[in-house]
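[1] predicted model, plus sequence, below.
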Amino acid sequence: VFEKIKAYPDEPENPASIAVLRMVREKAKNALGRQMLGEFVDALEAIPQDPSLRAVILTSEVERVFCAGADLKERRTMTQQEAGMFVSKLRNSFTSLSNLPLPVIAAVEGAALGGGIEIALACDLRVAGKNAIFGLPETSLAIIPGAGGTQRLPRLIGAARAKELMFTARRINADEAEKYGVVNHTVEAGGAFDKAFEIATEIARNGPIGVRAAKTAVDVGLQTDLTSGMEVERVCYAQTIPTSDRMEGLNAFREKRKPIYKGE
Ligand code: CO8
């Protein structure tokens, strides 16, 4: 379910808004099946079309569960070929999520397992309620993480910790996840969405072209050596120079007021 919320409702002239993607599949604990994946892909296509959106929050409406991963019941009805196609669609959709041109924050309460942690890893930031549980149970199902887990997790927390989580299929709680660096913040159970929204509104105050360029510079730069990364930074920086938002920032500073950025 896709919802758009104004970041500053008491500032009518400020268009900045937050997109909220809520996973709502109570019966299967938000397991990702064909239908849910299709709806998710549609939402991902709509988000970049709306210039007022400044951040995305991915969260769950299901009590005590963020996402139970791939739909294991649907999986049993698939042929090997269908399963292969489904996993590649899942993997591509998580890549589209991570490539959205604005920050994406996962607000995690309860279990984020398999594809459920992988979708959170495809986000830029993660906030967890104390009741959150993370794990990659795939090797216990005689497979491996197939939607970015083997690549995004070691880049985030280092190879040794990522391998331990994969090889043992062990589940870790929110405090351990914060210690490992899987999540940015741990808050009281039930508070993850509010914390994510607070961060999203902080982001929404800033120039969206700058925020987007920073995201691109980090993400592209991390895939290269330092010298190439510096070049990526130079190119991303140059994109922010000819914008009217940059002038608005300078004017607002001079006039001692809050800037209103339009993403232009
Ligand atoms: N797929 C389908 N149905 C599920 C899933 C799932 N992943 N997880 C839970 N459900 C269903 C249960 O079967 C149950 O259905 P029913 O009522 O008909 O028996 C219902 O949801 C409620 O489940 P629980 O009673 O277990 O609910 P709890 O609140 O006690 O526990 C948990 C919630 C912790 C999420 C628990 O259900 C659980 O551990 N689920 C399994 C987690 C898991 O192993 N996920 C799979 C990881 S592997 C993966 O994501 C990558 C696979 C890539 C291959 C894809 C090929 C297509």
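    Structure received.
[2] what about the helices in the stretch 51-200 of the chain?
    For the stretch 51-200 of the chain, the helices defined by DSSP state H, counting those that start in this stretch occupy 72-76, 80-98, 115-121, 149-157, 159-168, 174-180, 192-204.
[3] okay, now residue 63: neighbour count?
    By the criterion of other CB atoms under 10 Å, residue 63 has 9 neighbours. Quick note: C-beta positions are derived from backbone N, CA and C, even for glycine.
[4] residues in contact with residue 61?
    Residues near residue 61 by CB atoms under 8 Å, 6 or more residues apart in numbering: 1, 22, 23, 24, 26.
[5] just the buried ones among those, please.
    22, 23 (16 or more other CB atoms under 10 Å).
[6] and the gap between residue 172 and residue 183?
    With the distance defined as CB to CB, to the nearest Å, residue 172 ends up 10 Å from residue 183.
[7] tell me which of those two has more neighbours.
    Neighbours per residue (other CB under 10 Å) separate residue 172 from residue 183, with residue 183 holding more: 25 against 19.
[8] that one against residue 109, yeah?
    No. Look at residue 183 against residue 109 with CB atoms under 8 Å: they stay out of range, at 11.8 Å.
[9] up against the ligand, what does the chain have?
    Contact residues, the chain versus the ligand (CB under 6 Å from any ligand atom): 28-29, 31, 64-65, 68-73, 75, 78, 83, 86-87, 111, 113-115, 137-138, 141, 146.
[10] follow-up on the earlier one: now do the shared contacts for residue 183 and residue 109.
    Here residue 183 and residue 109 have 128, 132 as joint contacts, going by CB under 8 Å, 6+ apart.
[11] pull the number of nearby residues for the residue in the stretch 101-250 of the chain positioned nearest to the ligand.
    Here the stretch 101-250 of the chain gets closest to the ligand at one residue, residue 114, 2.3 Å apart by CB to the nearest ligand atom. Residue 114 has 27 neighbouring residues, counting by other CB under 10 Å.
[12] wait, it touches residue 145, no?
    Yes. Look at residue 114 against residue 145 with CB under 8 Å: they come within range, at 7.0 Å.
[13] overlap of the contact sets of these two?
    Residues touching both residue 114 and residue 145 by CB under 8 Å, 6+ apart: 136, 138.
[14] tell me how many other residues crowd the nearest residue to residue 115 once chain neighbours are set aside.
    Leaving aside its sequence neighbours, residue 115 sits nearest to residue 69 (CB to CB, 6 or more residues apart in numbering; 3.9 Å). Applying other CB under 10 Å, we find 27 residues neighbouring residue 69.
[15] check residue 79 too.
    By the criterion of other CB under 10 Å, residue 79 has 8 neighbours.
[16] got the phi and psi for it?
    Note on residue 79: backbone dihedrals following degrees, to the nearest 10 are phi -70, psi 170.
[17] so how far is the ligand from it?
    According to CB to the nearest ligand atom, to the nearest Å, residue 79 stands 11 Å off from the ligand.
[18] next up, the contacts around that residue.
    Counting by CB under 8 Å, 6+ apart, residue 79 makes contact with nothing.
[19] now do it, the pLDDT please.
    Predicted confidence (pLDDT) for residue 79: 93.
[20] and the one 10 residues further on, by the same measure?
    The per-residue pLDDT reported for residue 89 equals 94.
[21] got the contact list for it?
    Taking CB under 8 Å, 6+ apart, we find residue 89 in contact with 37, 41.
[22] quick check: the residue nearest to residue 115 touching residue 134?
    No. With contacts defined as CB under 8 Å, residue 69 does not count as touching residue 134, sitting 11.3 Å away.
[23] what touches both of the two?
    Common contact partners of residue 69 and residue 134 (CB under 8 Å, 6+ apart): 113, 117.
[24] give the bridge partners for the residue nearest to residue 171 when sequence neighbours are not counted, please.
    The shortest distance from residue 171 to any non-neighbouring residue, by CB to CB, 6+ apart, is to residue 135 (3.7 Å). Beta-bridge partners recorded for residue 135 (DSSP bridges): residue 113, residue 171.
[25] what sits against residue 135?
    If you count contacts by CB under 8 Å, 6+ apart, residue 135 has them with 111, 112, 113, 114, 117, 165, 169, 170, 171, 172.
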